[in-house]
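Student: A predicted structure for the sequence below; I have some questions about it.
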Amino acid sequence: MLDARAVLAYRRIAPGSRAALAIAAAAALFASPAWAEPPAPEVSPPAPSAVEADQPPAWLARALRPEDWNANFQTTYVWQMHPGFAAPCPNSDGPHSLKSQHETGYTLTATLYLGHRLWQGAELFFNPEVLQSTTMSDLHGLGGLTNGENQKAADATARLYSARAFVRQTIPLGGSEALVEASANQFGGPASSRRLVVTVGQMALIDIFDNNAFAHDPRSQFFNWALMAGGASDYAADARGYTVGFAVEYYRDDWAFRFGHFAQPKQSNGLALDYRLWAHFGENLEVEHQHTLWGRKGSVRLTPFLNYARMGGFSDALAYSASNGGSTPALADVRRDRAKLGFAIGLDQELTRDAGLFGRYSWNDGRTETYAFAEIDRSLTVGLAIRGRRWFRPRDTIGAAFAQDSLSDAHRDYLAAGGLGNFLGDGWLNYRSERVIEAYYSLNAFAGLWLTLDGQYLTNPGYNADRGPVKFVGCRLHLEY
């Protein structure tokens, strides 16, 4: 409460003086620091939001980009049978003969194709695979085996293993660009017509070499081994068909030049590989030319090879047998480091929009045992594949092919004396070239699924005119994504 004396004194002041005093008091009040505008506070940078705090580092963000990953899958089931066929007598099957009684067999594979872009032009691929199978005659008795999915290390128990694990570096060198579609073990995008490609790791040699457009993949094309690659090529591989090594490819417009150096198995047709690539190896060269003939695409390739491994020689085995009382010759008695030379010539040619022709001739010196592929020393194949556009099934394919497989003189003399090869050995031999006629129809049931019926007619199975002919009937279910 105001003091009474102060109020009385205020009333005694003249009105004009009181107004002047009020104005002065107001001016003093508003000039006081208590009413002045406070200074602006210091502003700190805003704290990062929860979303920003959770962002991965830049290098990890690049690694997680969806366009830098590639994933595909396939599974293939093949079933085959052959009825009983003519043989000299009911019990005439030898230790490595195709059984003359009715047989059935199957293979089931599943493969996951995983890929990742590492840096500019570099790609990493990994393919885990599962195989389960039962084989006819334990894969014996034929030069051209009838199911390219068969492996020499397979049985009725499903096995998981690494099929491929490799790095591919591509270096563009100019030229024109063409768009490549993404697929299994292949990123999509532009590819230079002039480029250098280096592949290092675990792979199948025929992923890179002898790649025929119409006869190469037993999961989608012909079944027979003599039609999936040069039958006499004996390419480096373990018992599953894969190897370790490196390949260098140089593409210059219509030309391609390739060189590869790969591991051989430690023993013939074995599963374990010899990683001493300087001691035992398989080397392949390839020159390929792509052309246009009558407005249709085609290609021609020459693929020489050199294998160096611990192999038995046929003539040496016969000589060793003769000097040891005429016992049955055996390659195991005369194994030592040796070289095998050979080559393959292949072509594929589009004839029309829907039809294509292919052919191969392959040869090896025939002096040493089959080390990694089919027991064939000479092979000639020719065939035709036609897509079904004319009968309103554009994704269906019908194919027909002929193969004639032969042996060297030394090889046939060894078998005639009762010797056993990795796949052959009736105990005697009335030699004739083995001939195969194969035909298939592949029906595209829906996107990614194909059903195939296949028939093969073989004369002189195992190069023996005293056996056969024999018919094989098969079917295949192939799913890919």
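Tutor: Cool, the structure landed. Numbering: from 1, shown residues only.

Student: in the helix or strand hosting Arg338, what's buried?
Tutor: Using DSSP states H and E, Arg338 sits in strand 336-350. Buried residues in strand 336-350, defined by neighbour count with 16 or more other C-beta atoms under 10 Å: 338, 340, 342-350. C-beta coordinates here come from the backbone N, C-alpha and C atoms, glycine included.

Student: Next one: the closest residue to Asp333 other than its chain neighbours relative to Tyr414, how far apart?
Tutor: Distance criterion C-beta to C-beta, 6 or more residues apart in numbering; nearest residue to Asp333, sequence neighbours excluded, is Tyr320 at 5.1 Å. Using C-beta to C-beta, to the nearest Å, Tyr320 is found at 11 Å from Tyr414.

Student: right, and out of the buried residues of strand 336-350, which lies closest to Pro172?
Tutor: Nearest to Pro172 among those is Asp348, at 26.4 Å by C-beta to C-beta.

Student: got a pLDDT number for the one residue sitting closest to the centre of the chain?
Tutor: For the chain, Asp207 is the residue whose C-alpha lies nearest the centre (C-alpha atoms, centre = their mean; 5.1 Å). Asp207 carries a pLDDT value of 95.

Student: May I ask which helix or strand encompasses the residue nearest to Asp333?
Tutor: helix 314-322.

Student: Buried by neighbour count: which residues of that helix qualify?
Tutor: Neighbour-count burial for helix 314-322 [16+ other C-beta under 10 Å]: 314-318, 320-321.

Student: Now do that helix: distance to the chain's middle.
Tutor: Computed by C-alpha atoms, centre = their mean, to the nearest Å, the chain-centroid distance of helix 314-322 equals 39 Å.

Student: Rounded mean pLDDT for it, please.
Tutor: For helix 314-322, mean pLDDT is 96.

Student: what does stretch 409-419 give?
Tutor: Throughout stretch 409-419, pLDDT has a mean value of 96.

Student: Outside of it itself, list whatever touches it.
Tutor: For stretch 409-419, contacts defined as C-beta atoms under 8 Å, 6 or more residues apart in numbering pick out 313-315, 317-318, 321, 328-331, 366-367, 377, 407, 421, 424-429, 431, 463.

Student: go with 7 Å
Tutor: Stretch 409-419 has contacts (C-beta atoms under 7 Å, 6 or more residues apart in numbering) with 314-315, 317-318, 328-330, 366-367, 377, 421, 424-425, 427-429, 431, 463.

Student: do the same with stretch 432-449
Tutor: With C-beta under 7 Å, 6+ apart as the test, stretch 432-449 has contacts from 143-144, 220, 222-224, 226-227, 395-406, 450-463, 465, 479-481.

Student: Could you chop the protein up by domain?
Tutor: Per automatic domain parsing, the domain ranges recorded for the chain read 4-35, 71-480.

Student: end-to-end on the last one?
Tutor: Which is domain 71-480. Start-to-end span of domain 71-480 (C-alpha to C-alpha, to the nearest Å) is 11 Å.

Student: Low-confidence ranges, the stretch 151-300 of the chain, go.
Tutor: Counting by pLDDT under 70, not a single residue of the stretch 151-300 of the chain qualifies.

Student: Spell out, range by range, the strands that occur in it.
Tutor: Using DSSP state E, counting those that start in this stretch, the strands of the stretch 151-300 of the chain run over 159-172, 177-180, 189-192, 194-203, 243-252, 255-262, 281-293, 296-311.

Student: Show me what the fourth one is packed against.
Tutor: In terms of contacts (3 or more C-beta pairs under 7 Å, 6 or more residues apart in numbering; DSSP states H and E), strand 194-203 is packed against strand 159-172, strand 243-252.

Student: for the second one, same thing?
Tutor: When contacts are defined as 3+ C-beta pairs under 7 Å, 6+ apart, strand 177-180 packs onto strand 189-192.

Student: Paired strands for the strand it packs on, with orientation please.
Tutor: strand 177-180 (antiparallel) (DSSP bridges).

Student: Any idea how many residues pack against Trp378?
Tutor: Residue 378: Arg, not Trp. Per other C-beta atoms under 10 Å, the neighbour tally for Arg378 reads 19.

Student: Please report how far it lies from Gly231.
Tutor: Using C-beta to C-beta, Arg378 is found at 8 Å from Gly231.

Student: One more: Phe246?
Tutor: Counting by C-beta to C-beta - Phe246 and Gly231 are separated by 25 Å.

Student: For the two, indicate the residue with more neighbours.
Tutor: More neighbours surround Gly231 than the other of Phe246 and Gly231, with 34 against 16 (other C-beta under 10 Å).

Student: quick one: that one from Asn464, how far?
Tutor: Distance of Gly231 to Asn464, computed by C-beta to C-beta: 17 Å.

Student: on that earlier part again, spit out the residues that contact Tyr320 and Tyr414 alike.
Tutor: Residues touching both Tyr320 and Tyr414 (C-beta under 7 Å, 6+ apart): Pro329.

Student: ok, which stretches of the stretch 101-250 of the chain are helices?
Tutor: For the stretch 101-250 of the chain, applying DSSP state H, counting those that start in this stretch gives helices covering 225-228.

Student: Next: the stretch 301-450 of the chain.
Tutor: Taking DSSP H, counting those that start in this stretch, the helices of the stretch 301-450 of the chain run over residues 314-322, 409-416.

Student: nearest to Ala110, of these?
Tutor: Set against Ala110 and scored by C-beta to C-beta, the helices of the stretch 301-450 of the chain come closest in helix 409-416, at 36.5 Å.

Student: Distance from the closest one to the middle of the chain?
Tutor: Counting by C-alpha atoms, centre = their mean, helix 409-416 comes out at 35 Å from the chain centroid.

Student: okay, the angle between it and helix 314-322?
Tutor: Between helix 409-416 and helix 314-322, the angle comes out at 40 degrees (axes from the mean of the first three to the mean of the last three C-alpha atoms, to 10 degrees).
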